[in-house]
Each structure stands twice: as C-alpha cells, then as structure tokens.
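# only the shape, not the letters, is given here:
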Ligand code: ADP
Ligand code: MG
C-alpha cells in the first residue's frame, strides 16, 4: 500500500472550491447575495455568452475598504460572522467567507470597488488562484463594487466541457434563481442582461425600486401574471425551537408567518412551471420541496389540471432553522417541519375556501 500523505494545500483548495461553486447558479447567487449584504439599492447582473465567457455583478453598495483588500478573497475570511454562537441569529446571506476565495481558484477573477469617500476613484484588485492579492491599480469607479468572473472552471477541464455542453439549460436555471431574488428584493432593483457572442445585449428582466413584491412579480413575469393572484398572510402557531421536544407541556410558542402570493384555483398554469414557484425563509431564496408539495397537493384538490404560481416567504425565528446544511445554503433544515406542513395544509385549504375575502397584502 502507498504511504499516506497529506494533500498539497493548492489541491485541497481547488477541491473545496469546486464544492462551493458547483455551477453557474452558485456564481450568480453568491455574487448577488454579497451585493445585497453590502446594502446595494441597484444590482446589475451581466452575462456574456450565457455566462460561458463571463458573469459580472455590479452594485452600488458600501464598497470594500482598502484595509480589507489583502484578506477579501482568502478562505474563511468574512466580515459577517464572528463566532459559532452568531450562527443561530445570522441575518446576512453570507457568513462562511468561501465564495470569493473559491471563485479565485476556479476562474479568471477580478474586483473593482470604491467606497463613498473614494469615488469617483476606485481600485481594481487582481488575485492569485490562492486568493492572495496580486495587484491593486487605480481606476475610475462610482461607489460600489463590480465583481467579474471570466472563464468559469477554466482549470477543471471536465467541468468546463460539461458547462459548455449544457450552457443553455444552465442559463435558464440561473435566470430562475435570479428571478426569485428580484421578486423578493423590495430594497434593491435588479437587472439581468446577456450579451451574446454577436455582441447583442438583451435585457432578461429588470425590476424597479418597488415597494412591493407584487410589483416585482409584474416586472419579472409580466403584468398578466398578477391576474388571479391571491395575497396570502397565513399565521401558524408552532412550538418554539427550544421547546419542540416538550410541546405538550404548553411551553412557548413561536409565531410563523407565511407571506406572499398564490394563484386562485382556476388561474394556475396548465403545466408544471418550476420557475413560477418560489420559496423563501426569512426572505432567503431556498429549496423547500416539502412545502412546495403541500401547495401543489392542496391546489390540485381544487383544480387537477393546473399548478399554482407560488411566492411564499416563511418568516420565523432565526433559531428555528439551520441554513448550514449544504454549501449553497439553499437546503434549509426547519425544526418541527412536520407540524409546520400540517398547519400550512389546513390554512391553505381555508384560504382557497374563502378566496373571495382574501386578506389584503402586507407591506414587507
Ligand atoms: P461571505 O459573504 O460569506 O462573508 P464571501 O467570500 O462571499 O464571504 O465575501 C468575503 C467578504 O468580502 C465579505 O464578508 C464582504 O466583507 C466582502 N464583499 C464581498 N462582496 C462584496 C460586495 N459586493 N460589496 C462589499 N463587500 C463585499
Ligand atoms: Mg458571500
């Protein structure tokens, strides 16, 4: 048997990076989340050749201060989380400090950034694949940050070929994810465009500075999509996370609220359209297949032939779930999920039954 030796640091970094950034969706998601965390009011996502050549995300957020240039792309360096305890109350999208370091390992990567007091002068930062800062040059730049990822997976030939082969499918998947961010973001307007290889720019969709998710949905999916869309505010009473075990003891209750919009029976889609079903936990887009199943099943009991448009934001205490399950943080573990689903099922049934007296939309 060959002797056991530790892997070289570079190899470990590349392997781990490939687990954080698995596809085009991970890139767009991580960059947009960073922009939202930086307090951006406008985010511009630009793809070149569907993302095969480049993905660039520009924001007008806080910008990066020069004291952080050295560490920004190093693994596990984050400005958002100080200790393990903070994890249970995390309110930013990011907290692991892995995205930028992974992108350095997997692409041709650079940053242009300026803080309020520096604009219109800013800095262009180039990095080594390890995430170490290579050069800083002065450039013209408005307040905010632009992160540019070119030639994704350039040094992972098999994955690059897969990406090339599936780029059309990947691009439509990434649009689906960005639609969810654009619909939920009432603080930031989001524009997504794609420049084809023939240098033709096409806007995929664009939201405005909308105060409501309804307006965002109209901007993203067209005004027609609002027809037959019910507003929903469903309050579910759940045992609090610490007391899940002894629920019968009548201990503390947490209020769980499901806010959003769902098609009125008869106004759904004739086909299953996955991009028309968006789920969020405390405004974080995520995959909630069990919750989706409840919506679809209840809806189908009224209308077999259709699937509903669903936009559902589940608001609950930060200690009642765990986002730390998968590297992309889209898989979320909800404590006491069974009780939540049951309660949701009966509330939805009631909502559809009294659909003509739907609760007016709350602003959030
Ligand atoms: P995380 O988001 O988990 O902290 P990232 O690797 O995504 O890790 O980002 C590292 C750090 O870089 C962030 O903590 C943040 O301080 C800074 N950063 C990244 N993107 C931006 C941006 N668009 N605007 C301002 N700061 C940013
Ligand atoms: Mg991040």
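All right, it came through fine. Note that the structure is predicted; figures quoted are calculated from it, not measured. Ligands and ions are numbered 1, 2, ... in the order given.

# contacts and neighbour counts: CA atoms only from here.
Fine.

# name the residues of the chain found near ligand 1, please.
Proximity of the chain to ligand 1 (Cα under 6 Å from any ligand atom) is limited to residues 34-35, 38, 61-64, 72, 78-80, 94-101, 145.

# restricted to buried residues, select the residues you listed in PyMOL.
Paste this into PyMOL to select the buried members of the residues of the chain next to ligand 1, with burial taken from 16 or more other Cα atoms under 10 Å:
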select buried, resi 34+35+38+61+62+63+64+72+78+80+94+95+97+98+99+100+101+145
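
# phi, psi for the closest residue in space to residue 118 that isn't next to it in sequence please.
Leaving aside its sequence neighbours, residue 118 sits nearest to residue 143 (Cα to Cα, 6 or more residues apart in numbering; 7.6 Å). The phi/psi pair for residue 143 (degrees, to the nearest 10) reads phi -60, psi 130.

# test my guess that residue 143 contacts residue 114.
Yes: at 4.9 Å, residue 143 counts as touching residue 114 under the criterion of Cα atoms under 8 Å.

# what sits against the residue of the stretch 1-150 of the chain found nearest ligand 2?
The minimum distance from the stretch 1-150 of the chain to ligand 2, using Cα to the ion, falls at residue 94 (4.1 Å). Listed by Cα atoms under 8 Å, 6 or more residues apart in numbering, the contact partners of residue 94 are 30, 33-34, 37, 80.

# out of the residues you listed, which comes closest to residue 165?
residue 30 (23.0 Å; Cα to Cα).

# who has more neighbours, residue 143 and residue 114?
Of the pair residue 143 and residue 114, residue 114 is the one with more neighbours under other Cα atoms under 10 Å, namely 27 against 21.

# so which residue of the stretch 251-364 of the chain comes closest to ligand 2?
Counting by Cα to the ion, the stretch 251-364 of the chain gets nearest ligand 2 through residue 328, at 10.2 Å.

# ok, and what's touching the lowest-mean-pLDDT helix or strand in the chain?
Of all the helices and strands that make up the chain, the one with the lowest confidence by mean pLDDT, DSSP states H and E is strand 321-322; it has a mean of 76. Strand 321-322 has contacts (Cα under 8 Å, 6+ apart) with 88, 332-335.

# what about the next helix or strand after it, average pLDDT?
Sequence-wise, the next helix or strand downstream of strand 321-322 (DSSP states H and E) is strand 333-334. Across strand 333-334, pLDDT averages out at 79.

# same deal with stretch 23-38?
Computed over stretch 23-38, the average pLDDT equals 96.
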